[in-house]
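Asker: sharing a sequence plus its predicted fold:
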Amino acid sequence: MTEKGIHTDFKDNMTYGEYLRLDKVLTSQERLSGHHDEMLFIVIHQVSELWMKLILHELNTAIESIERDELPEAFKMLARVSRVQTQIIQAWDVLATMTPAEYMEFRDSLGRASGFQSYQNRLIEFALGYKQPHILKIYEKDPELARELTAAYHAPGIYDVSIRALARAGFSINPELLDRDYAVTYQGDATVADAWLQVYQDVDAHWDLYQLAEKLVDIEDCHQQWRFRHMKTVERIIGFKPGTGGSSGVSYLKQMLEHQFFPELWNVRTKL
């Protein structure tokens, strides 16, 4: 029988569980401590990682679409990202049902494992433009993963391609921004601020760019809500103890609340 025939036979007989690979998904929650609440901890983080996978799928394709000036196509993907973000924001509320005493029953079983090491979270930060050189060192022991992260680290983020879209639309953008070192976290630029101000002052003339700006604001708003709920959940459960991965825990998470991915899109609101 041809390969196509085999595939067709399998598709015709495929079950729901086989399609979703539930045999692997639902047997991946192995409690190391045997404590009841460790199941909650594992499931919340696994589900969040699956949502992050979808966020990256949408963000990376949106970046490619913006580069091709296919802005309406990107809007659907970016709108989906912000909806997914609401799911992982709400996940913190579920995790917060675990008390400090319950967490301490199995915390030692985690060893050095920590959400701080989530490489998908790092890839999302890179796609949104936040890049710090010390982050790559966390993943040096896994060469394949290190190569993926390094490539993303040096690639333009979604705000970089949005700035290039502004330039292609005829706005006067600092030429140094259009081919800059994308491994450096973007800090803001007066020409970009002026371009976005013009977009917001004449929405009808620049409708697609205005929609792009608002989609980016939606994503950053949601990301900051996620960061805040993360910080408050950690504070609620472990207080100001250091994280299991060696981070400063709540102090580090509070510091991250101050960072803006798209500074001009927030500042423009004051100038209007």
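Answerer: Yep, that arrived. Since this is a predicted model, take the numbers as computed values, not measurements.
Asker: alpha carbons only: can I get stretch 152-168 in PDB?
Answerer: C-alpha atoms of stretch 152-168 as PDB (Å, rounded to 0.1, in the frame of the first residue of the first chain):
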ATOM      1  CA  ALA A 152      16.300  34.800  18.300                       C
ATOM      2  CA  TYR A 153      18.400  37.100  20.500                       C
ATOM      3  CA  HIS A 154      20.000  38.600  17.400                       C
ATOM      4  CA  ALA A 155      16.800  38.700  15.300                       C
ATOM      5  CA  PRO A 156      14.600  41.800  15.000                       C
ATOM      6  CA  GLY A 157      11.600  41.800  17.400                       C
ATOM      7  CA  ILE A 158       8.100  42.800  16.600                       C
ATOM      8  CA  TYR A 159       8.700  46.500  17.500                       C
ATOM      9  CA  ASP A 160      11.800  46.600  15.200                       C
ATOM     10  CA  VAL A 161       9.800  45.400  12.200                       C
ATOM     11  CA  SER A 162       7.000  47.800  13.200                       C
ATOM     12  CA  ILE A 163       9.500  50.700  13.100                       C
ATOM     13  CA  ARG A 164      10.700  49.600   9.700                       C
ATOM     14  CA  ALA A 165       7.000  49.600   8.600                       C
ATOM     15  CA  LEU A 166       6.800  53.200   9.700                       C
ATOM     16  CA  ALA A 167       9.800  54.000   7.500                       C
ATOM     17  CA  ARG A 168       8.400  52.200   4.500                       C
END
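Asker: give me the mean pLDDT for that stretch.
Answerer: For stretch 152-168, the mean pLDDT works out to 98.
Asker: same deal with stretch 190-202?
Answerer: For stretch 190-202, the mean confidence score works out to 98.
Asker: what helix or strand does the nearest residue to residue 171 once chain neighbours are set aside sit in?
Answerer: Excluding the flanking residues, the one nearest residue 171 by C-beta to C-beta, 6 or more residues apart in numbering is residue 195, at 3.8 Å. All C-beta atoms are positioned from the backbone trio N, CA, C, and that covers glycine. Secondary structure from DSSP states H and E places residue 195 in helix 190-201.
Asker: mind listing what's buried along whichever helix or strand comes after that helix?
Answerer: For helix 190-201, the following helix or strand on the C-terminal side (DSSP H and E) is helix 207-238. By neighbour count on 16 or more other C-beta atoms under 10 Å, the buried set for helix 207-238 is 208-213, 215-220, 222-224, 226-231, 233-238.
Asker: please report how far the closest residue to residue 140 other than its chain neighbours lies from residue 156.
Answerer: Spatial nearest neighbour of residue 140, excluding adjacent residues (C-beta to C-beta, 6+ apart): residue 146 at 5.7 Å. Distance, residue 146 to residue 156, by C-beta to C-beta, to the nearest Å: 20 Å.
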